[in-house]
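**Student:** from the sequence below, what's the structure:
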Amino acid sequence: DMTLGDVVNPEIFNVSLGIDIDVPMSEGWNWMSMNVYIDDMSLNSVLQSLDDNAEYIKSQAGFADYYAGFGWFGTLDMMDNTSMFKLRMGNEDNIVLTGMPVDVAGTVFDLATGWNWIGYIPQYPIAINIALNNIPDGSAEFMKNQGGYSDYYQNYGWFGTLDVMQPFEGYLLRMAQSANFVYGTDGMARTVSFTNNADDEFDLNIHDYEHNATMTSAIYIDAERVDSYDYVLSAYNDSKCVGYTEGLYFPLDGSIVFPLMVYGNEAGNALTLKVYNKTTQTYLDIEEEFIFTPDMTLGDGLDPVVLNSMETPVGHSISAAYPNPFNPVVNFDIDLDGEHHVSAIVYNISGQQVGVVYDGMLSGSSKLSWMAENQASGIYFIKVKITIKVKIAFKLFELKLELILSSNLFPLNSILIKYNPIVPTINGAK
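**Tutor:** Presented below is the predicted three-dimensional model:
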């Protein structure tokens with residue numbers, strides 16, 4: 001029969017509306033954000049549950065390192081809900097805390113022209129076309145997270161491998177012009193429409209890499225554009241797979257595009273591409289090569305990057321230069337499958353052309369030579385180019401042979417030779 005309070009002096013009950021979160025962080029890099037807040041938003045408070053498993057965190061404007069027995073220290077000391085963060089973990093662990101949900105309708109994002117690292121504050125997944133609906137039409141260009149991306153198409157909306165935004169993920173949004181927006185919350189997303197069903201043989205762990213870049217591509221095999229889902233496009237740095245994708249139907253023109261996201265930790269890595277035929281279980285080389293640049297965006301569905309391959313590659317080989325060092329004549333052998341145009345040009349270490357070994361049609365096996373007349377002692381390069389004429393949209397493309405990776409000046413397609421008129425000729429090639 002206990003009675004508590006009355007109309008004049010009611011009993012006060014405190015009800016907590018806090019949300020318990022338990023968010024896994026993978027070993028390596030995590031693009032993350034927070035959709036709850038606590039009284040103390042310092043790194044040492046928000047990331048307390050990670051203990052010594054966290055190593056480093058950065059935002060668009062600052063960074064901090066974790067020191068065992070001390071905590072976080074650097075130019076970044078506080079977290080907020082509107083920003084994305086890149087968190088590097090030494091070991092996997094979970095962010096565990098209880099916080100209050102962010103007021104979605106009352107939180108305004110101030111977006112600058114160019115790249116913006118933004119957080120996701122709703123409590124449930126929302127389709128990108130709903131979540132970003134309040135950005136003025138034409139202001140946004142491109143959005144990506146750690147695993148996918150989308151382009152904005154005027155009078156259509158967002159389209160790409162990223163079609164649903166998720167709690168605790170971080171996003172890079174590129175703006176054509178500055179704007180303010182609040183997240184739209186008119187509907188909850190059910191599923192992600194794009195799934196990559198390629199085999200795990202590509203052995204790619206996106207958390208090994210801090211950066212990514214994107215390339216929306218169209219594949220041509222023997223001058224015919226690929227219009228089926230039987231192929232997988234993959235990218236490699238040396239022999240390590242750094243990205244792969246299957247074909248995706250592009251609704252604006254009915255074509256098949258290959259939305260490739262590639263990963264890296266530094267700019268300047270050479271990227272080679274292959275296309276895998278799932279029916280025949282065979283690989284074909286893509287003739288174009290690229291250099292990785294963080295946040296690089298190449299092509300879109302309306303203007304994709306054209307990638308060329310041939311079902312029956314043309315066989316050819318080029319030997320090492322001999323003798324090397326040389327005095328005064330250097331040679332190399334070239335073996336071609338069929339008749340092709342061959343250009344072999346000699347450059348000095350400054351990149352200046354100093355001679356032409358050959359420029360014309362060749363077939364079969366040939367020995368090409370260059371005499372270093374009136375040239376100073378030093379390092380020279382012979383750049384060899386073999387042209388295969390294939391008509392694609394009334395353009396010609398070139399198949400270039402990769403030789404010795406010998407210099408920053410000529411990283412591809414070059415033979416490194418050394419001319420030394422003082423020492424005698426050394427026979428044999430290395």
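**Student:** give me the below-cutoff pLDDT ranges for the stretch 251-400 of the chain.
**Tutor:** 311-315, 388-400 (pLDDT under 70).
**Student:** show me where it has helices.
**Tutor:** For the stretch 251-400 of the chain, applying DSSP state H, counting those that start in this stretch gives no helices.
**Student:** strands of that one, start to end?
**Tutor:** Here the stretch 251-400 of the chain has its strands, by DSSP state E, counting those that start in this stretch, at 255-264, 270-277, 282-285, 290-291, 297-298, 305-309, 316-318, 329-348, 353-371, 378-387, 391-392, 395-396.
**Student:** please identify the deepest-packed of those.
**Tutor:** Ranked by mean neighbour count, the strands of the stretch 251-400 of the chain are led by strand 255-264 with a mean of 24 (mean count of other Cβ atoms under 10 Å). C-beta: built from backbone N, CA, C; applies to glycine.
**Student:** can you check what angle separates that one from strand 270-277?
**Tutor:** Here strand 255-264 runs at an angle of 140 degrees relative to strand 270-277 (axes from the mean of the first three to the mean of the last three Cα atoms, to 10 degrees).
**Student:** so what are the sheet partners of strand 255-264 and their directions?
**Tutor:** Paired neighbours of strand 255-264 in the sheet (DSSP bridges): strand 211-221 (antiparallel), strand 248-250 (antiparallel).
**Student:** who's in contact with the shortest one?
**Tutor:** Applying Cβ atoms under 8 Å, 6 or more residues apart in numbering, the external contacts of strand 248-250 come out as F159, G160, T161, F194, S255, I256, V257, F258, P259, G301.
**Student:** is it true that the third one touches N145?
**Tutor:** No. With contacts defined as Cβ atoms under 8 Å, T161 does not count as touching N145, sitting 9.8 Å away.
**Student:** tell me the secondary structure for Q123?
**Tutor:** Classification of Q123 using DSSP: H, G, I helix; E, B strand; the rest coil returns coil.
**Student:** and the nearest residue in space to S366 that is not next to it in sequence, what is it in contact with?
**Tutor:** The shortest distance from S366 to any non-neighbouring residue, by Cβ to Cβ, 6 or more residues apart in numbering, is to I334 (5.3 Å). Taking Cβ under 8 Å, 6+ apart, we find I334 in contact with H316, S317, I318, S319, V342, L362, S365, S366, K367, L368, V384.
**Student:** part of a helix, is H207?
**Tutor:** Yes. The assignment for H207 is a helix, going by three-state DSSP.
**Student:** against V46, how distant is it?
**Tutor:** 20 Å (Cβ to Cβ, to the nearest Å).
**Student:** so between those two, which is more surrounded?
**Tutor:** A side-by-side neighbour count of H207 and V46, using other Cβ atoms under 10 Å, places V46 first with 21 against 17.
**Student:** am I right that K144 is in contact with G170?
**Tutor:** No. Counting by Cβ under 8 Å, K144 stays clear of G170, with 10.1 Å between them.
**Student:** can you give me how far stretch 128-148 is from the chain middle?
**Tutor:** Centre-to-centre, stretch 128-148 and its host chain are 19 Å apart (Cα atoms, centre = their mean, to the nearest Å).
**Student:** gap between the two ends of it?
**Tutor:** One end of stretch 128-148 sits 12 Å from the other (Cα to Cα, to the nearest Å).
**Student:** which one of the contacts of strand 248-250 is nearest D1?
**Tutor:** Nearest to D1 among the contacts of strand 248-250 is F194, at 63.6 Å by Cβ to Cβ.
**Student:** return the set of buried residues in stretch 139-152.
**Tutor:** Neighbour-count burial for stretch 139-152 flags S139, A140, F142, M143, K144, N145, Q146, G148, Y149, S150, D151, Y152 (criterion: 16 or more other Cβ atoms under 10 Å).
**Student:** would JSON lines of the strands paired with strand 255-264 with mean pLDDT, mean neighbour count and distance to W31 be doable?
**Tutor:** Shown next, in JSON lines, are those (pLDDT from 0 to 100; neighbours: other Cβ atoms under 10 Å; distance: least, Cβ to Cβ, whole Å):
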{"stretch": "strand 211-221", "mean pLDDT": "96", "mean neighbour count": "22", "distance to W31": "9"}
{"stretch": "strand 248-250", "mean pLDDT": "96", "mean neighbour count": "17", "distance to W31": "22"}
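**Student:** for Y236, which of the ones you listed is the nearest?
**Tutor:** Of all the strands paired with strand 255-264, it is strand 211-221 that lies closest to Y236, at 13.5 Å by Cβ to Cβ.
**Student:** check which element follows the closest one along the chain.
**Tutor:** For strand 211-221, the following helix or strand on the C-terminal side (DSSP states H and E) is strand 224-225.
**Student:** no more questions from me, cheers.
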